[in-house]
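**Student:** using only what follows, build the 3D model:
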Amino acid sequence: MNPWANAIPDGAPTDPVRWAEESRLQVDGHSFDSSRCPQAIVPMRAMSLADKTCRIGTFIKPVQSGGSTAGEVVLAYWCRFAYGLILNYWQDDLKSEERWADRILPMLESAGLNWAGGRDKKVCEGRFDKTVLRCAGVFNPNALNSDTIPLMVLEELHLWKPGFLSMARDRQTRIWDSKAFDISNAAKAETQLHLTYEEGTMEEWETACPVCGVRHAMHFRWNPNRPELGGLRWDASTRLADGRPNYNKLEATIRYQFPCGHEVAADPASRRTLKGDYSPPRNDGAHASHRSWTSEAVSYNEISWLDLIKEWHQAVRALKMGDSEPMFRFVTRRECRFYSDEMRPFSGAVVTTTEAVQNREGLPGELCKMWSADWQQGFKAAGELTHYWLVIESVLPNCSSQVIFEGKISDESELLSTLEAHGITNKDNGGLFDGFIDASKNQKAILSFCYRAGINAVVGGAHGKGGFRHPDGSWRFYSPKKFIYTQLGITYERARQDHPDWFTENREGQIVEGPNCPFVLEYDKAGLLKNYFFIREMKLRVLESNPKATALDYVERVVPSDVGDDYLKHHEAWERDLKFTRGKNTGEVEGFKQLSRIDHLMSCTTQIDLLKEFSGLLGRRLAELAKTP
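**Tutor:** A predicted model of the protein is given here:
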């Protein structure tokens, strides 16, 4: 005996896709054609009234890919063959009213429905002989707290406020055969939409290579170091005289390379040869009642590859200027990936360079030498005394740099002599002033030494507070500077007596702290690491989008191949951890995972990068790069 024999309404087709095509359902002004959106066929069929297994379908799709059409087909099918109340939720009432008037009502009028009421475009409700369809904004305070809804199409969930999706789910708790069809672009990582997708089966659209036949999930980004992943390729050297891409020539070079090496051209005829289907579930633990699907825009034949490349270039240029919003839109709306603010194509491992060994004294044309030192108590059990770790970099006017010294220093005297041996002194308003000592530990003693020697200091703090507000109203990951003499309780008069060269006369004739007066900055560890990884990964990010880029296109840190093992080991002490959002223990940092407590030379490097940011050197360079498409 089949317990579901009478569960399907009489006369209900088992395949909503075939029904929509045979009935010539009108969607967006034309008859529905499933060949235009093959990635939506499986999600639509999972919403069939005959499918009693799948209750929730989460369809993460690119923009302009037929996602709205899929929702409309399912709504028309339910209105025609189901029983009871159906809801189509949007992010707000204005959006629901627009969709009702422009697309949903005309579509319903072509569906052969027996209307039991009028067709008021403002009411956003259709009454039929067996069903009632309401189109509403989910933010309406009355939209999620009354009726039980057996059937729902939930649109644009990436725009929903936190908590509203779970409220919508609650309205189906008591219904054993409910259906909820989620349709959306991707969103930020760890949001309700991301968690919902990962709770499902996580099926990914795979395209069969026309030559080898192996199915492969197509990705927009091509990584020259990982050809086995495949990706979209083009000749990035096709540029105009002013450096902008020449899209007329670039278009002819566009092709998709499969992992086996076969390339497919961008012309429509070649792309139509590509056929695909969804992968088996990536989430083996997902219950069969919740299926989820995703695919990148590059796998849709209706979406121009050239348009994707143009949008990618715009996002990369904006990222160089510090604007991550276009990249966020590209990742979520085109690549259909869930985005973190710290998302980068590569983690950016430290790479050494043999050619740099001969330049350990400094780079030709250097702007200055920047340095940082980290004091350590030492482990008595290991027979260690107190000591410093020191990194010195030769920095160019374009903010790129090279490591010229890294290692352990026994005490303050050796620290000063090592700096002096590299031409770093306190003369001419530079030298010692172009560096920091970390005073997070042994603070009073370190600040006292900095006061005597005329050296700046940094102190860790502000964990989880989002940084520091500056007098201009901006937030930064470091605090406004505080003069060291004030932090030691030394009076203004005494500081002037000890170091008269630290003070100068301003325009009003007042004697104030001058550019040589040493200061201390407090930094937020998360922000410090973000800034460091941004610089560390910049070269790889740029080369990913343009394999022929040169040193003129990015900021880089050159590491000579003869650096000590400690330098490389310390720089692998931290990695990005996008799922880690809140530190519970000392040393834990949002967005990053500490792999080793021995990170001293990396800490020095992060503080050199802090100086690049604080001095304005990094900002100026990014502004210059932004001028180059």
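**Student:** any idea of the mean pLDDT for stretch 534-552?
**Tutor:** For stretch 534-552, mean pLDDT rounds to 82.
**Student:** can you pull out the helices in the stretch 251-400 of the chain?
**Tutor:** 268-271, 305-320, 325-333 (DSSP state H, counting those that start in this stretch).
**Student:** buried residues in the second one?
**Tutor:** Put plainly, it is helix 305-320. With burial defined by 16 or more other C-beta atoms under 10 Å, the residues of helix 305-320 counted as buried are 305, 308, 309, 311, 312, 313, 315, 316, 317, 318, 319, 320. (Each C-beta comes from the backbone N, C-alpha and C, glycine too.)
**Student:** and it with helix 325-333, angle?
**Tutor:** Compare the direction of helix 305-320 with that of helix 325-333 by axes from the mean of the first three to the mean of the last three C-alpha atoms, to 10 degrees and you get 140 degrees.
**Student:** so which elements touch helix 305-320?
**Tutor:** Judged by 3 or more C-beta pairs under 8 Å, 6 or more residues apart in numbering; DSSP states H and E, the packing partners of helix 305-320 are strand 231-233, helix 247-250, helix 325-333, helix 525-545, helix 617-626.
**Student:** same thing but 7 Å
**Tutor:** For helix 305-320, the contact count by 3 or more C-beta pairs under 7 Å, 6 or more residues apart in numbering; DSSP states H and E identifies helix 325-333, helix 617-626 as packing neighbours.
**Student:** re the thing from before, now distance to residue 280 and mean pLDDT too, for the helices of the stretch 251-400 of the chain, in JSON lines please.
**Tutor:** Listed next are the helices of the stretch 251-400 of the chain as JSON lines, based on distance: least, C-beta to C-beta, whole Å; pLDDT from 0 to 100:
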{"stretch": "helix 268-271", "distance to residue 280": "25", "mean pLDDT": "92"}
{"stretch": "helix 305-320", "distance to residue 280": "27", "mean pLDDT": "84"}
{"stretch": "helix 325-333", "distance to residue 280": "25", "mean pLDDT": "88"}
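**Student:** distance to residue 410 added to those, as JSON lines?
**Tutor:** Below are the helices of the stretch 251-400 of the chain laid out as JSON lines (distance: least, C-beta to C-beta, whole Å):
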{"stretch": "helix 268-271", "distance to residue 410": "66"}
{"stretch": "helix 305-320", "distance to residue 410": "42"}
{"stretch": "helix 325-333", "distance to residue 410": "46"}
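**Student:** for residue 562, find the nearest of these.
**Tutor:** Of all these, it is helix 305-320 that lies closest to residue 562, at 32.0 Å by C-beta to C-beta.
**Student:** residues in contact with the closest one?
**Tutor:** Around helix 305-320, the neighbours that count as contacts under C-beta atoms under 7 Å, 6 or more residues apart in numbering are 220, 232, 234, 245, 247, 251, 254, 266, 297-298, 326-327, 330, 334, 545, 622, 625-626, 629.
**Student:** please, a ChimeraX command that selects the buried ones among those residues?
**Tutor:** Per 16+ other C-beta under 10 Å, the buried members of the contacts of helix 305-320 correspond to this ChimeraX selection:
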select :220,232,234,245,251,254,266,297,298,326,327,330,334,545,622,625
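**Student:** and residue 478, bridged to which residues?
**Tutor:** With DSSP bridges as the criterion, residue 478 is bridged to residue 523.
**Student:** ok, so what distance separates it from residue 602?
**Tutor:** Note on residue 478: its distance to residue 602, by C-beta to C-beta, to the nearest Å, is 17 Å.
**Student:** just the CA trace of stretch 531-541, in PDB.
**Tutor:** Only the C-alpha atoms of stretch 531-541 are listed here, as PDB (Å, rounded to 0.1, in the frame of the first residue of the first chain):
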ATOM      1  CA  ASN A 531      46.900  45.100   7.000                       C
ATOM      2  CA  TYR A 532      49.800  42.700   7.000                       C
ATOM      3  CA  PHE A 533      48.000  40.000   5.000                       C
ATOM      4  CA  PHE A 534      46.700  42.600   2.600                       C
ATOM      5  CA  ILE A 535      50.300  43.600   1.700                       C
ATOM      6  CA  ARG A 536      51.500  40.000   1.800                       C
ATOM      7  CA  GLU A 537      48.900  38.700  -0.600                       C
ATOM      8  CA  MET A 538      48.700  41.700  -2.900                       C
ATOM      9  CA  LYS A 539      51.100  40.400  -5.500                       C
ATOM     10  CA  LEU A 540      49.400  37.000  -5.800                       C
ATOM     11  CA  ARG A 541      46.000  38.700  -6.000                       C
END
